[in-house]
Structures are given as C-alpha cells and as structure tokens.
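Undergrad: A structural model of the following input is requested.
(one chain, ligands or ions: 3)
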Amino acid sequence: MAPTLSTTQFSNPAEVTDFVVHKGNGVKGLSETGIKALPDQYIQPLEERLINKFVNETDEAIPVIDMSNPDENRVAEAVCDAAEKWGFFQVINHGVPLEVLDDVKAATHRFFNLPVEEKCKFTKENSLSTTVRFGTSFSPLAEQALEWKDYLSLFFVSEAEAEQFWPDICRNETLEYIDKSKKMVRKLLEYLGKNLNVKELDETKESLFMGSIRVNLNYYPICPNPDLTVGVGRHSDVSSLTILLQDQIGGLHVRSLASGNWVHVPPVPGSFVINIGDAMQILSNGRYKSVEHRVLANGNNNRISVPIFVNPKPESVIGPLPEVIANGEEPIYRDVLYSDYVKYFFRKAHDGKKTVDYAKI
Ligand SMILES: COc1cc(/C=C/C(=O)SCCNC(=O)CCNC(=O)[C@H](O)C(C)(C)COP(=O)(O)OP(=O)(O)OC[C@H]2O[C@@H](n3cnc4c(N)ncnc43)[C@H](O)[C@@H]2OP(=O)(O)O)ccc1O
Ligand SMILES: O=C(O)CCC(=O)C(=O)O
Ligand SMILES: [Fe+2]
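TA: Residues are numbered from 1 along each chain as shown. Ligands and ions are numbered 1, 2, ... in the order given. Next up is the predicted model:
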C-alpha cells in the first residue's frame, strides 16, 4: 500500500506547514524525514503538472552563445536575436573563472547543510536585515499549492552591509560571484542596449539596467512524488536580466515563444543560463521577451541553482525607453515605480506572465 501522511510523523497537513514554513525546516527538512508521500498542500493542479505532454526535447533548444568569439558583432547579434526570439540563452567562455562558480555552489550546499537553528536566524521574522531572507516555496501565505524549494535571498547593498548581515558560511563566495560576473553582465547589457539605440551605459542607464542586485541560493531537495508538484511554478523574472548558475541535475524548462512547448535547458558545464526579465521587456517596449519558465521537482537528486537578478534600482521609474519610442513606436507599457512592481510580484503566487499586466497600458 502506498504510504500516506498518516503513516509518517505528521498527522495532518497543518503540522507539515508548521514544520516546513513556520519552524523553518524547509522542504529540505521534510525530505530528510524520509517522507514517502507528498503532503496535500504540495499537490499542484493538474494543468501545472502535465509538463511532459508539452516537452519537446529534440526539435527545439535555447541558443548557446560562445562569448569568446573574436567577432564581437556576431556575439552581440546572437545575444539580441535570442533575447527577441527566446528570452533565454546560455553563454559559454564568458570570462567568469570556473573556480568562482564552483565556490558559490559549494557555499550554497554549506548554507543549506547548516542546522535548522542556524538557518532560522535568517527567516523574515528573525533576520537582522531586510536584505537577507531564508524561506521556502515562493509566497507561502498567498499560494494555494506550495512549491518544492527552499531559498536564501541576498539583496546587495554594500560590502559592509553584507559583512554585517549575510551568513558567514556563504558570504565571501557570493560576493565574489557577484563581483566576477559584473563584467559579463555589463557586456550583455551593452549589446542589448545598442540594439535599442542606447549609445552607452551611462550613469542613468546603468541605474535603470543594473542599479540593484539580488542573489538567490536555491535548494530543491529530493521529492517523494515529483510528478505531482513543481520545484518552481510558471513565472517570469521581474529583473532586467537574470544570470543563472545551475548544477548538473537539470529540471529548468522554458516556454518556447515559437511553439508554446516546454523546452528543457540542459546543464552545460561552466555555462550560465541568461534570461530577459520583465523590467527589460518593459524598457524595450516588448522587443525583448521575458519568458515563462519553471523547474520540475526531482525524485532522485537534490538540486541547487544560484540566480543573480540584475535589476533597476527599487526607486527607479521604469517604462519604455525614450530611445525606443523615438522611432515612432506606440508605448505598450506605462511608467511604474520598480519597487511597486516587485512588491506586486512577491505578494501573489506565481502566475505565469501575469505580473507584466500591471504595467500594461
Ligand atoms: C523566492 O522565490 C523566487 C524568487 C524569484 C525572484 C525573481 C526576481 O526577479 S527577484 C528580483 C527582484 N528585484 C529586487 O529585489 C530589486 C528591487 N527590490 C525592491 O524593490 C525591494 O527590495 C522589495 C523586494 C520590493 C522589498 O522591499 P520592502 O520595502 O522591503 O518590501 P517588503 O514589504 O518587505 O516586501 C514586499 C513583499 O515581498 C515579499 N518579499 C520581499 N523580499 C522577498 C524575497 N527575497 N523573496 C520572496 N518574497 C519577498 C515580502 O514578504 C512582502 O510580502 P508580504 O506579503 O510579506 O508583505 C523568482 C522565482 C522564485 O521562486
Ligand atoms: O532553479 C532554476 O533553474 C531556476 C530558478 C528560477 O527560475 C528563479 O529563481 O527565478
Ligand atoms: Fe526565474
């Protein structure tokens, strides 16, 4: 007979929520109890789970771009083309030392392997800074069905602030990861900007495109019934650009704009997955696409990923760039305060591409 919740240490779903969300054990703690059946609150509606029906592993793949190609115009063209047609691509030979990537992955494992009392120092309730937050799922109080993921979210204010508030066990590696990725991020934004008639990344444009940085350390533990739930539900990022480091396990899927199929993003050692976020979609007046993506849960392996969300400053007003509108295009988005946009995103469950409607005219 299949095990049920009543055959585990939990006698009802509320006890599970208390253990995972309120006591801070996360889904990692739940997975490590040896739980054999997925608790009810993790069961996603059918339409959110039937991913395999729409996955096309062979015909479609997001572009892989070699950033070391000496023909820089070709690289820029490939980046802009992928941003318009896919909203997603992978980069190899990007100049970020592989050691930095290995170190931040190891630091992620170290953080999640801390005892629960240590991790709990960084929950929303306990954290000494609003820039540091350890949590689970996405927005547990707003969600009908929870997601099988724990995270540590770190908003960069300054080295001194990080020194004071970020967890010791992963601070230096995360700061180094941000620092060493900046050159690549600037290059990508320069390519994307030029194609929108933005001549240079001056102070104003820098603040709009890359005025704030958030890094999440994501942990997806082994799941008892991966087909019934998700690691991360369908969403688009609210960033301008996301730089994602994933390990070798796989599970990230992207919605193809051409076919509507879900396309797997295969792990490529030493690469980054790059995606356009909502802020860039809005700034480019819809030219670059912020595309739906999701992460499957996994029944055999723990998985980690480390996205850097490159964002406008919270106090920036974002709307279609004057350089884009100058060509006579009708703006399809209004001006919105970026922090309002992000709050709107965080206060509801993942809902595919609906956040961007907040800024639609
Ligand atoms: C977690 O799983 C995720 C996350 C993601 C993330 C994708 C992204 O694209 S993240 C990039 C977001 N951009 C920025 O952070 C830069 C701009 N930042 C800001 O404007 C502000 O820092 C702020 C995020 C709006 C927070 O401002 P603050 O004044 O402190 O507002 P609060 O009232 O504290 O928060 C508002 C609301 O959001 C919730 N929240 C805040 N931070 C986080 C966080 N890091 N993770 C999850 N939720 C967060 C907070 O709880 C508040 O909601 P309440 O209901 O509690 O009021 C993609 C996919 C994922 O699965
Ligand atoms: O873990 C992944 O591969 C993607 C995570 C993600 O989409 C996010 O954190 O926004
Ligand atoms: Fe995402």
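Undergrad: Tell me the residues on the stretch 201-350 of the chain that lie near ligand 1, please.
TA: Proximity of the stretch 201-350 of the chain to ligand 1 (Cβ under 6 Å from any ligand atom) is limited to residues 212, 214, 216, 232, 235, 237-239, 277, 309, 311, 314, 338-339, 342-343, 346-347. No exception for glycine: its C-beta is placed from N, CA and C like everyone else's.
Undergrad: Likewise for the stretch 1-150 of the chain?
TA: Counting by Cβ under 6 Å from any ligand atom, the stretch 1-150 of the chain sits next to ligand 1 at Thr130, Arg133, Phe138.
Undergrad: The last one in helix, strand or coil?
TA: Classification of Phe138 by DSSP: H, G, I helix; E, B strand; the rest coil places it in coil.
Undergrad: What residues does it make contact with?
TA: Taking Cβ atoms under 8 Å, 6 or more residues apart in numbering, we find Phe138 in contact with Glu147, Lys149, Val232, Gly233, His235, Ala349, His350.
Undergrad: now do Pro314
TA: Ser212, Tyr338, Ser339, Val342.
Undergrad: Counting neighbours, what do you get for the second one?
TA: So that's Tyr338. A total of 23 residues lie near Tyr338 under the criterion other Cβ atoms under 10 Å.
Undergrad: before we move on, what about the one 4 residues further on?
TA: Counted with other Cβ under 10 Å, residues neighbouring Val342 total 21.
Undergrad: isn't it right up against Ser240?
TA: No. Between Val342 and Ser240 there is no contact under Cβ atoms under 8 Å: 11.8 Å.
Undergrad: distance between the ends of stretch 12-23?
TA: Using Cα to Cα, to the nearest Å, the end-to-end distance of stretch 12-23 comes out at 16 Å.
Undergrad: Which phi and psi values does the residue nearest the centre of the chain adopt?
TA: Taking Cα atoms, centre = their mean, the centroid of the chain lies closest to Pro307, which sits 5.2 Å from it. Note on Pro307: backbone dihedrals following degrees, to the nearest 10 are phi -80, psi 140.
Undergrad: ditto for Ala349
TA: The phi/psi pair for Ala349 (degrees, to the nearest 10) is phi -70, psi 160.
Undergrad: Ligand 1 versus that one, what's the distance?
TA: 10 Å (Cβ to the nearest ligand atom, to the nearest Å).
Undergrad: Next, count neighbours for that residue.
TA: 17.
Undergrad: Contact partners for Leu228?
TA: Leu38, Tyr42, Ile43, Gln44, Arg49.
Undergrad: mind redoing it with 10 Å?
TA: Ala37, Leu38, Asp40, Tyr42, Ile43, Gln44, Leu46, Glu48, Arg49, Ala145, Trp148, Ala297 (Cβ atoms under 10 Å, 6 or more residues apart in numbering).
Undergrad: Could you pull up the contacting residues of whichever residue of the stretch 51-200 of the chain sits closest to ligand 1?
TA: Distances from the stretch 51-200 of the chain to ligand 1, computed as Cβ to the nearest ligand atom, single out Ser153 as the nearest residue at 3.4 Å. By Cβ under 10 Å, 6+ apart, the residues touching Ser153 are 122, 124, 127, 131-135, 214-218, 307, 309.
Undergrad: about what we covered before: any of the residues of the stretch 201-350 of the chain next to ligand 1 buried? List them.
TA: Neighbour counting with 16 or more other Cβ atoms under 10 Å marks 212, 214, 216, 232, 235, 237-239, 277, 309, 311, 338, 342 as buried within these.
Undergrad: which one of these sits closest to Val21?
TA: Val232 (16.5 Å; Cβ to Cβ).
Undergrad: and that closest one, bridged to which residues?
TA: For Val232, the beta-bridge partners under DSSP bridges are Val295.
Undergrad: And the pLDDT at it?
TA: Turning to Val232, the model gives it a pLDDT of 97.
Undergrad: neighbours around Cys170, how many?
TA: 25.
Undergrad: That one contacts Ala107, doesn't it?
TA: Yes. Counting by Cβ atoms under 10 Å, Ala107 is a contact partner of Cys170 at 3.8 Å.
Undergrad: what is in contact with these two at once?
TA: Common neighbours of Cys170 and Ala107 (Cβ under 10 Å, 6+ apart) are Tyr177, Leu217, Val306.
Undergrad: Restricted to helices, list those.
TA: Tyr177 (DSSP state H).
Undergrad: Can you tell me which of the contacts of Leu228 is closest to ligand 1?
TA: Closest to ligand 1, out of all of the contacts of Leu228 and judged by Cβ to the nearest ligand atom, is Trp148, at 10.8 Å.
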